[in-house]
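*Asks:* output the structure for:
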Amino acid sequence: MVSSATGNEYLRIREAADEYRGKGYEVSQEVPLDFLPGFRADLVARKDGEVRVIEVKSRSSLAANPQIGEMARVIEQKPGWTFELLLVAEPHRLRTPDDSRPAKTADVDERIDQAAKALAAGLSGAALMLAWSAAEASARKAVAAEGIADERVAAGGHTFDQAVFLGVISRDTYQQLAEIRRYRDALAHGLDVPDLDEKTVPRLIDLARQIESECSEGAT
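*Replies:* Have a look, this model is predicted:
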């Protein structure tokens, strides 16, 4: 690892580590290599005398680390050693105001309260958007607490993808959010959702409260 991993890279590193362990390899992460001073491999996988050095990079990270090509040549020259490069997609990032920042617990609680009030006033669409914002803000905080940088990725559901992979939200919660996200996406892009039923928004408000509670407990 020449430079610190982005969120997508970090998640792919963990995924690759699990894949290699499933194949019977002994896997270590961020491993210094004596013959390459200053270089720490994302992963080193060993089995039956075979050693694989695995680097996970986006194209921009690869361009910022041109020495990786030379490292690969050095590694491939060692008997029994191989070099593997795994590329991850470049996420499309949000365009946000310069002064935007992650929401604090008080901000999240206020959004949840506003969502409940909007629902009571018959504004189900507004309530859903507020509750979704609260849930995503809580998940974003929890992901950051795991050491993943806030990359402001625009892809819908990206923060929840990270959160479920890291185990900060449950698979059941993730699946419920994935179902509700259809409504969120439609509303966010100006579409009418006539079948937004009376159960969907209260369920999302409850999920937002649950995620905030669980993430706050995990941070203490």
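*Asks:* every contact and neighbour count from this point should use C-alpha atoms.
*Replies:* OK.
*Asks:* Ala116 and Gln162, how far apart?
*Replies:* 27 Å (Cα to Cα, to the nearest Å).
*Asks:* what number of residues lie near Gly49?
*Replies:* Neighbours of Gly49 under the rule other Cα atoms under 10 Å: 8.
*Asks:* what's the first helix or strand after the lowest-mean-pLDDT helix or strand in the chain?
*Replies:* Taking mean pLDDT, DSSP states H and E as the measure, the chain has helix 59-64 as its least confident helix or strand, at a mean of 78. Toward the C-terminus, helix 59-64 is succeeded by helix 68-76 as the next helix or strand (DSSP states H and E).
*Asks:* average pLDDT for the helix or strand following that following helix?
*Replies:* The helix or strand immediately downstream of helix 68-76 is strand 81-88, counting by DSSP H and E. Taken as a whole, strand 81-88 has a mean pLDDT of 92.
*Asks:* shift numbering so it begins at 445
*Replies:* OK, 445 is where the count begins now, so the last one is strand 525-532.
*Asks:* and the contacts of the next helix or strand after strand 525-532?
*Replies:* Downstream of strand 525-532, the first helix or strand assigned by DSSP H and E is helix 549-564. With contacts defined as Cα atoms under 8 Å, 6 or more residues apart in numbering, helix 549-564 is touched by 568, 570-575, 577-579, 581-582, 645-646, 649, 652-653, 656.
*Asks:* just stretch 642-651 next, same as before
*Replies:* With Cα under 8 Å, 6+ apart as the criterion, stretch 642-651 contacts 556, 559-560, 563, 568, 571-572, 575-576, 579, 617, 621, 624.
*Asks:* now the longest helix anywhere in the chain - C-alpha only, CSV.
*Replies:* Across the chain, the longest stretch assigned as helix under DSSP state H is helix 568-589. Taking C-alpha atoms only, helix 568-589 is exported to CSV below (Å, rounded to 0.1, in the frame of the first residue of the first chain):
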residue,chain,number,x,y,z
SER,A,568,-45.6,11.7,3.3
GLY,A,569,-43.1,12.5,0.5
ALA,A,570,-41.4,15.2,2.5
ALA,A,571,-41.4,12.9,5.6
LEU,A,572,-39.8,10.1,3.6
MET,A,573,-37.0,12.3,2.3
LEU,A,574,-36.3,13.7,5.8
ALA,A,575,-36.2,10.2,7.3
TRP,A,576,-33.9,8.9,4.5
SER,A,577,-31.5,11.8,5.1
ALA,A,578,-31.5,11.0,8.8
ALA,A,579,-30.8,7.3,8.2
GLU,A,580,-28.0,8.0,5.7
ALA,A,581,-26.4,10.5,8.0
SER,A,582,-26.3,8.0,10.9
ALA,A,583,-24.9,5.3,8.6
ARG,A,584,-22.3,7.8,7.3
LYS,A,585,-21.1,8.6,10.8
ALA,A,586,-20.9,4.9,11.6
VAL,A,587,-18.8,4.2,8.5
ALA,A,588,-16.5,7.1,9.4
ALA,A,589,-16.0,5.6,12.9
